[in-house]
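Participant: sharing a model that was predicted from the sequence below.
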Amino acid sequence: MADITSQTPQRSLSPYWTTAIAAALALAVVLTAPLYLDIYLTNVLIRALFLGVLALTVDLVWGYTGILTFGQSAFFGIGAYACALVFTHWGFGPGWFVAALVIGILAAGLIAWLVGLLSFYHGASPLYSSIMTLALPIVLVQIIFSGGRFTGSSSGLSGFPTYYWSINTWFIIAGVLLVTVASLAWLFVRSDFGRILIAIRENEDRCAYLGIPVSAIKTGLFVVCGAIGSIAGFGYAAFTNVVAPELAGFLLGTESLVWVALGGRATLIGPILGAIGIDVTSSYLSGSLPFLWKFIVGVAFVVVIILLPNGIASLVTGAWRRYKARGKDETAAHRHRSNVTLVPAKSRRLEENLSDDKAPILIEALTCRYGSLTVLDGIEVVGRRGELLSIVGPNGAGKTTLMRCISNGGERTSGEVVIAGEKIGRRSPQKIVELGVGRSFQNTSLFDSLTVGDCLRLARYRIDGASYLERTERVALPEPALEILKATGLDRQLGLETRYLSHGMKRGLELAMVLATEPRVLLLDEPTAGLTKPERTAIGDVLTRLVEDYGLCVFLIEHDLDFVREISNRIVVLHQGKMLLDGSVEEVVSSDLVKAVYSGQETETPA
Amino acid sequence: MATLFLDILTTSSMLFIVAAGLMIILGVMKLINFAHGAFLTVGGYSAHVVTDAGFNAWLTIPAAALVGFVLGIVVERVILRPLYDRPLDAILATWGLGIVIAQVITFIFGRGVQFAESPISGTADLFDISYSSWRLILVLVAVVLGAALTALLYFTRFGLNARAVIMNENLARGLGIDSVKVRALTFGLGAALACAAGALITPLLSIDPNMGLPWLVNSFMLVLVSGVAIPGLALASLLLGGAQVLVSTFVSPIIGGITIVVLAAVILRIKPQGLSRG
């Protein structure tokens, strides 16, 4: 670890400074470029720079967050038409200039918000949001067509008054805009919030169960990127003095995907270079070899998608990573210098637990059917404070479905679940986390490319929020989460990407993440599956402490009956979707019925 | 009134014919073929080549289907097979393929508009009005196509294998079904249907390198609304195609152009699985 840090001393600079230096260098290039570029190239570059801003927004939405969007061009078009329409029909001047810009931003933001509301909801397929982003530019272009003389229909608007500044001034405006947006985006994707975007891309469902409002975040990102796209479109229109429906069209939207894919998804720099490179080259070649050039772009696009899924930039970054990793084993290359310090959090929830006298969880007549198949039938369970309740039963008894019905309001067919006096209704998973339900999963579904520290910070998003522009160093965790990290040795691995963790450590991290959300009801689906004896004992100890010292109510699914017997206060036996028994450990263990079920005997006539 | 009725019927039939190839591919391969528009264009140009060379205009359809099948098999092998575990990337790759096909066509035929001869021209008298015969034939074609595809899926070995792959690909593989072959044949069949559809609609339209593009998005919406099933697609084509004709006639042709897209987005928000499920 130590030698990595000493080799890359620039890493110890604050990210603000490195970004500021890079931005200053880029600005210096922008300011001096007009001196040695000819007029034609400058002209072409100004447009390319505005398109580069559009490519950045596509990279944020698609590259980082994983929403395949065909419609970013719509926002570009909205900005462009806001400029053209206001200057053509209402007036021109500094006041109108600002007004048009603001109108463009507001319109783009509003439309992005509406599209976001429609396309991002819990359980929406990624395909559906892509369809919506595909529909958006198509609808918009038709609206422009039907606008008659007002929007100029298919030929667009041109010759409206604008600032006829010198071409060098426009170049600097476009360059400064691109550098500003890129620098902010650079800080943004490396901030705590940027990690959340990546987490959503990698495992959206798991994010929801950590209480992260995935849909709201996606919508918010869409609105911001829409607004930025609109600014770029506004600049483009004000400079070129021409707007046409193509600026809002589906083809420009897909073309921006090509730039991003060729340049390299989730790199920011790649898409900018992709946009500028392709747009400038096509301007030069469109005269002599128009079809050949488009053909080459098409072939390159297909080849890059198949062979280089991370774009051409990955050739460079891959080489850089190999250079840094030379002479070290593979995991060292994925071990990031960790600035994370864990501190104990004031977990109010855990203290409240002890004084609250409502039952933490109450399940009433819960039934779950898939078509004609009844998976759960009339389950009635009360979970009390400070109680560890084990749910046992053969495979297919409905144990995991029960967990699912508690943690997602949309799952059950009928019945009700009440968490600390509040009915869950049809709430989405992240809302139920707010009520105080924490759920761990049967399979370790972590975020592969995030580090342990990132994962823990992610789990605290609901309570502590996230910084938009920087990486915070302190992660506050409640006491029991810290204990688990210590017991599994994870507190010394905070900089390691989670895919390199051992199975036991993944389990430990999973549990620590759930505890970080400060639940009052903890749902654990086979937390000790595949663990060694000492690891089991450690987790068993923590569970006992959670129940006894912190007053949590724990629902545990376990197959290991010895483990269950050691730590449970109560056991519920499920069989074929029905509750067979609900009683103390002794009652259940000595029951003939349970023995019969587990040894597979006929249970048609329960005693 | 009769004209309106026939307009709805024939427009729906055209939509059904055009979307069928896309649906077969989506159903079996879980892949949205964005090159579908380009395949339609290829079909249109195949028809142009056939009639230009002086052959019987009825030959355009089998010729286009053959070209499409070969094209589909090659594309599946070269482009799609490496991308089976990256579905979103596969969508993008087919979009790139669409760009390439459009450019290749431009190289060969130029950007100008071309025409293909129609197997039948003129009008037929029906319900006391005279109506384009070719459009009426398309209704027949749609019905036959729907029946043929249903028969293929439910009464042949290939159909059984394809349905097994649709339901549970891993299990199907475990049972000894060569899912790679099923996918390859499916893509070939889908592409053949798309090209044949392109040949079928060319008598009504002019042929240009981007003629397939406007059909792509509408077919895509119809297939999703259909819930990826043949009766569903027929229903979706009738409903949305009908709405399109009504809006174009009574409101404005431009708004009519986006009717399908808007309605589909709304329907899918309410019933994400489409019309034929849940």
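Facilitator: Here it is on my side, so go on.
Participant: and A:V433, what is it in contact with?
Facilitator: A:Y209, A:L210, A:G211, A:S407, A:R462, A:T517, A:P519 (Cβ atoms under 8 Å, 6 or more residues apart in numbering or on different chains). Every C-beta, even on glycine, is put in place using the N, C-alpha and C of the backbone.
Participant: show me which positions of the helix or strand of chain B with the lowest mean pLDDT end up buried.
Facilitator: One helix or strand of chain B scores below all others by mean pLDDT, DSSP states H and E: strand B:123-126, with a mean of 74. When burial is assessed from 16 or more other Cβ atoms under 10 Å in any protein chain shown, strand B:123-126 yields no buried residues.
Participant: same thing with stretch A:266-284?
Facilitator: Buried residues in stretch A:266-284, counting neighbours by 16+ other Cβ under 10 Å, are found at A:266-280, A:282-283.
Participant: output it as CSV, nothing but the C-alphas.
Facilitator: Provided in CSV are the C-alpha atoms of stretch A:266-284 (Å, rounded to 0.1, in the frame of the first residue of the first chain):
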residue,chain,number,x,y,z
ALA,A,266,-17.9,7.0,-18.2
THR,A,267,-14.7,8.8,-18.9
LEU,A,268,-16.0,12.3,-19.6
ILE,A,269,-12.8,13.1,-21.7
GLY,A,270,-13.5,10.3,-24.2
PRO,A,271,-17.0,11.6,-25.1
ILE,A,272,-15.7,15.1,-25.5
LEU,A,273,-12.9,14.0,-27.8
GLY,A,274,-15.4,11.7,-29.6
ALA,A,275,-17.8,14.5,-30.3
ILE,A,276,-15.2,17.0,-31.4
GLY,A,277,-13.2,14.5,-33.4
ILE,A,278,-16.1,13.0,-35.3
ASP,A,279,-17.9,16.3,-35.9
VAL,A,280,-14.8,18.1,-37.1
THR,A,281,-13.6,15.3,-39.4
SER,A,282,-17.1,15.0,-40.9
SER,A,283,-17.1,18.7,-41.6
TYR,A,284,-13.9,18.3,-43.6
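Participant: farthest pair within the contacts of A:V433?
Facilitator: Using Cβ to Cβ, the contacts of A:V433 reach their maximum pairwise distance at A:S407 and A:R462, which is 14.3 Å.
Participant: these two - which one has more neighbours?
Facilitator: A direct count of neighbours by other Cβ atoms under 10 Å in any protein chain shown for A:S407 and A:R462 places A:S407 higher, at 21 against 18.
Participant: not counting its neighbours along the chain, what's nearest that one?
Facilitator: Counting by Cβ to Cβ, 6 or more residues apart in numbering or on different chains, A:S407 lies nearest to A:R439, which is 4.4 Å off, once chain neighbours are set aside.
Participant: gap between the two ends of stretch B:49-61?
Facilitator: 12 Å (Cα to Cα, to the nearest Å).
Participant: up against chain A, what does the stretch 151-278 of chain B have?
Facilitator: Residues of the stretch 151-278 of chain B found near chain A (Cβ under 8 Å from any Cβ of the partner chain) are B:217, B:220-221, B:224, B:252, B:254-255, B:257-258, B:261-262, B:264-265, B:268-269, B:272.
Participant: please, a ChimeraX command that selects the buried ones among these?
Facilitator: In ChimeraX syntax, the buried subset of those is picked out as below (16+ other Cβ under 10 Å):
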select /B:217,220,221,224,254,255,257,258,261,262,264,265,268,272
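Participant: among the residues of the stretch 151-278 of chain B next to chain A, which are in helices?
Facilitator: Among those, the members falling in helices (DSSP state H) are B:217, B:220-221, B:224, B:254-255, B:257-258, B:261-262, B:264-265, B:268-269.
Participant: what's the burial count for residue 73?
Facilitator: Went with chain A since none was named. 32.
Participant: ah, no, chain B please
Facilitator: Per other Cβ under 10 Å, the neighbour tally for B:I73 reads 17.
Participant: likewise for B:S121?
Facilitator: Each residue near B:S121 was counted by other Cβ under 10 Å, and the total is 11.
Participant: just confirm it is within a strand.
Facilitator: No - remark: B:S121 does not belong to a strand; assigned using DSSP: H, G, I helix; E, B strand; the rest coil, it is coil.
Participant: now it. Its backbone dihedrals?
Facilitator: Taking degrees, to the nearest 10, you get phi -120, psi 180 for the backbone angles of B:S121.
Participant: quick check, it in contact with B:F115.
Facilitator: No - in this structure, B:S121 is not within contact of B:F115 by Cβ atoms under 8 Å, at 11.9 Å.
Participant: ranges for the strands of the stretch 201-350 of chain A?
Facilitator: A:242-243, A:341-344 (DSSP state E, counting those that start in this stretch).
Participant: just chain B next, same as before
Facilitator: Remark: strands assigned in chain B by DSSP state E are B:123-126, B:129-132.
Participant: among the residues of the stretch 151-278 of chain B next to chain A, which two are most distant?
Facilitator: By the measure Cβ to Cβ, B:S252 and B:P272 form the most distant pair in these, at 30.0 Å.
Participant: what does the stretch 1-150 of chain B put close to chain A?
Facilitator: So far as Cβ under 8 Å from any Cβ goes, the stretch 1-150 of chain B lies against chain A at B:32, B:79, B:82-83, B:86, B:88-89, B:91-93, B:95-97, B:99-100, B:103-104, B:106-107.
Participant: inside helices: which ones of those?
Facilitator: Per DSSP H, those map to helices at B:88-89, B:91-93, B:95-97, B:99-100, B:103-104, B:106-107.
Participant: so where's the stretch 251-400 of chain A uncertain?
Facilitator: Within the stretch 251-400 of chain A, the segments meeting pLDDT under 70 span A:290, A:324-339, A:347-357.
Participant: got a list of what B:N210 touches?
Facilitator: With Cβ under 8 Å, 6+ apart, B:N210 has these contacts: B:G37, B:T41, B:A102.
Participant: how near is the residue nearest to the last one when sequence neighbours are not counted to B:L263?
Facilitator: Right, B:A102. Nearest residue to B:A102, sequence neighbours excluded (Cβ to Cβ, 6+ apart): B:P209, at 4.9 Å. From B:P209 over to B:L263 the distance is 29 Å, taken as Cβ to Cβ, to the nearest Å.
Participant: the two: who's more crowded?
Facilitator: The neighbour count for B:P209 versus B:L263, taken as other Cβ under 10 Å, is higher for B:P209 (25 against 18).
Participant: my read is that the more buried one contacts B:V104, right?
Facilitator: No - with contact defined as Cβ under 8 Å, B:P209 does not count as touching B:V104 (9.1 Å).
Participant: coming back round to it: are any of the residues of the stretch 1-150 of chain B next to chain A buried, and which?
Facilitator: For the residues of the stretch 1-150 of chain B next to chain A, a burial check counting by 16+ other Cβ under 10 Å picks out B:32, B:79, B:83, B:88-89, B:91-93, B:95-97, B:99-100, B:103-104, B:106.
Participant: max pairwise distance over those: which two?
Facilitator: Farthest-apart pair in these is B:L88 and B:T106; separation 28.0 Å (Cβ to Cβ).
Participant: please name the nearest non-neighbouring residue to A:V44.
Facilitator: A:S283 (4.4 Å).
Participant: do you know the pLDDT at B:T94?
Facilitator: Note on B:T94: pLDDT of 90.
Participant: what does A:G600 give?
Facilitator: pLDDT, A:G600: 64.
Participant: can you pull the residues of the stretch 101-250 of chain A lying near chain B?
Facilitator: Counting by Cβ under 8 Å from any Cβ, the residues of the stretch 101-250 of chain A that sit close to chain B are A:118, A:123-128, A:131-132, A:134-135, A:138-139, A:142, A:145-146, A:250.
Participant: let's see 10 Å
Facilitator: Residues of the stretch 101-250 of chain A lying close to chain B (Cβ under 10 Å from any Cβ of the partner chain) are A:115, A:118-119, A:121, A:123-128, A:130-132, A:134-136, A:138-147, A:153, A:250.
Participant: filter those down to the buried ones, PyMOL style.
Facilitator: Of these, the buried ones can be selected in PyMOL as follows, counting by 16+ other Cβ under 10 Å:
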select buried, chain A and resi 115+118+119+121+124+127+128+130+131+132+134+135+136+138+139+140+141+142+143+144+145+146+147+250
